[in-house]
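In: output the structure for:
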Amino acid sequence: MINKNIAVFLPKDSEAMFNRTSKRTFGGATIHLYHFVKELYHYTNIYTLLPEYDTIDFDDADNFNIIKLYKESDNALLKFMKFYKFIKNYEIDSIMQLGLTIESCVLAFFCRILGIKFVFFFGHDIESLGYYQNSRKKCIFFPLLIKNSALLIAQNEIEKENILKRYPDITKVKVLKKGIDLAKIVKVKEKKYDGAWIARCDEWKNVESYLKIVSMNKNYKFLLVANPVPGKEEYFNKIKIIASSFKNLTFYSFVKYEDIYKLLAESKVFFVTSDMEGDWPLTVIEAAASGVPTISLNYDYGVLIDVYNAGCFCEGSIEKMNDFFLNLMNDPLLLQKYAQNAYKFVEDNHNNKRNATILVEWICSL
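Out: You can find the predicted model right below:
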């Protein structure tokens, strides 16, 4: 055990990770940090800061030190006072947080003043350019975050280069891939779905392109899990209406996290259609760990496709996406080869235990 006291702020949509009965939407950023915190529990004193949720009931409770820090209805001043009291009482050395917000920038500055090391994780490529992920608006306090963070963790070389182009003197940017717990991967006897798409129902995720594939292949079975996004209800309802018109599509608006792995294992191919991400979405990595290759419409990160040959980059072409899908459906041996390559990719690059060990070494060196 390393003598470090670390606190971590999980994203605000984290309730469903800690309450098995919750129906609130959660994103990949929450799961990403959740995996790291769970593993870091075995190396150091790490505290997970959550709002005062009514119920805390989840499978991994023995691997978390949860602090119910404030009520969700508390105003900003009261939240700050409770937070300040916590870091003093627990003698916090480092604070970790993922995803660009105004609070991230202020927190980095506040930690610098108090002598606490602030470790920031970028949750999306666009954040490394100084823009908020959801609104795509410019973060005017971005320089505050860059200059006052003790460590900036990018998910890929693209994000790292974006930062260094603007701040060439910064030496505290490191690349660390998402990690997943391979022990959670499940096996199934049969595949129920030929294709699957799982993400938040946001415009930039571009689910319409996937629905075009569904419409072009009425003899195949597809899965769609599209979680509603607060403030985007009109868009969600539009997608829901379109999805309900397909007889070959199974649609879910919410699935518990522990059930995601089962749905992925029951699928043959995973589709990703968003315009950009923060490296591969966690669902792509979870799919690959389940032996499911990825068909990517708009981007190609790292080595999944080019080196491991575990999917296809379609260069924005729906026709190419459809052709590759049909190639896999019509050639079981080819599909099996891609499935084996996908698992090897995760084993080599996204093992949570190995990546968490690297993270601990970095934090201890600050």
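In: for Val37, the count of nearby residues, please.
Out: For Val37, the number of neighbouring residues by other C-beta atoms under 10 Å comes to 21. Any C-beta I mention is one placed from the backbone N, CA and C, and that applies to glycine too.
In: now swap in Phe64 and tell me
Out: By other C-beta under 10 Å, 20 other residues sit near Phe64.
In: could you do Asn3 as well?
Out: Counted with other C-beta under 10 Å, the burial measure for Asn3 works out to 8 neighbours.
In: what do you get for Lys12?
Out: When neighbours are defined as other C-beta under 10 Å, Lys12 has 15 of them.
In: which residue ranges form the helices in the protein?
Out: Across the chain, reading from the start of the chain, the helices by DSSP state H fall at 15-18, 28-40, 76-89, 102-114, 142-148, 157-166, 207-216, 233-244, 257-265, 282-289, 318-329, 332-349, 352-364.
In: flag the shaky bits of the stretch 201-350 of the chain, pLDDT-wise.
Out: Per-residue confidence for the stretch 201-350 of the chain (pLDDT under 70) gives these ranges: 278.
In: which residues touch Val8?
Out: Contacts were defined as C-beta atoms under 8 Å, 6 or more residues apart in numbering; by that measure Val8 touches 33, 37, 46-49, 95-97.
In: before we move on, what about Thr25?
Out: By C-beta under 8 Å, 6+ apart, the neighbours of Thr25 are 13, 16, 200, 227-230, 254.
In: per-residue confidence at it?
Out: The predicted local confidence for Thr25 comes out at a pLDDT of 70.
In: and if you look at Tyr41?
Out: Note for Tyr41: predicted pLDDT of 88.
In: what about it, how many neighbours?
Out: Residues contacting Tyr41 under the criterion other C-beta under 10 Å number 18.
In: for Thr30, see how far away it is.
Out: Look at Tyr41 and Thr30: by C-beta to C-beta, to the nearest Å, they are 17 Å apart.
In: could you do Ser290 as well?
Out: Here the distance between Ser290 and Thr30 works out to 20 Å (C-beta to C-beta).
In: check Lys268 too.
Out: Here the criterion is C-beta to C-beta. By it, Lys268 lies 27 Å from Thr30.
In: cool, and Val37?
Out: Using C-beta to C-beta, one obtains 10 Å as the distance from Val37 to Thr30.
In: give me the common contacts of the two.
Out: Common neighbours of Val37 and Thr30 (criterion: C-beta under 8 Å, 6+ apart): Leu10.
In: what sits against Tyr220?
Out: Counting by C-beta under 8 Å, 6+ apart, Tyr220 touches 194-195, 248, 329.
In: would JSON lines of the contacts of Val8 with pLDDT and distance to Cys312 be doable?
Out: As requested, the contacts of Val8 are arranged in JSON lines below (pLDDT from 0 to 100; distance: C-beta to C-beta, whole Å):
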{"residue": "Leu33", "pLDDT": "85", "distance to Cys312": "29"}
{"residue": "Val37", "pLDDT": "89", "distance to Cys312": "34"}
{"residue": "Ile46", "pLDDT": "94", "distance to Cys312": "39"}
{"residue": "Tyr47", "pLDDT": "95", "distance to Cys312": "42"}
{"residue": "Thr48", "pLDDT": "93", "distance to Cys312": "38"}
{"residue": "Leu49", "pLDDT": "92", "distance to Cys312": "41"}
{"residue": "Ile95", "pLDDT": "96", "distance to Cys312": "40"}
{"residue": "Met96", "pLDDT": "95", "distance to Cys312": "35"}
{"residue": "Gln97", "pLDDT": "94", "distance to Cys312": "35"}
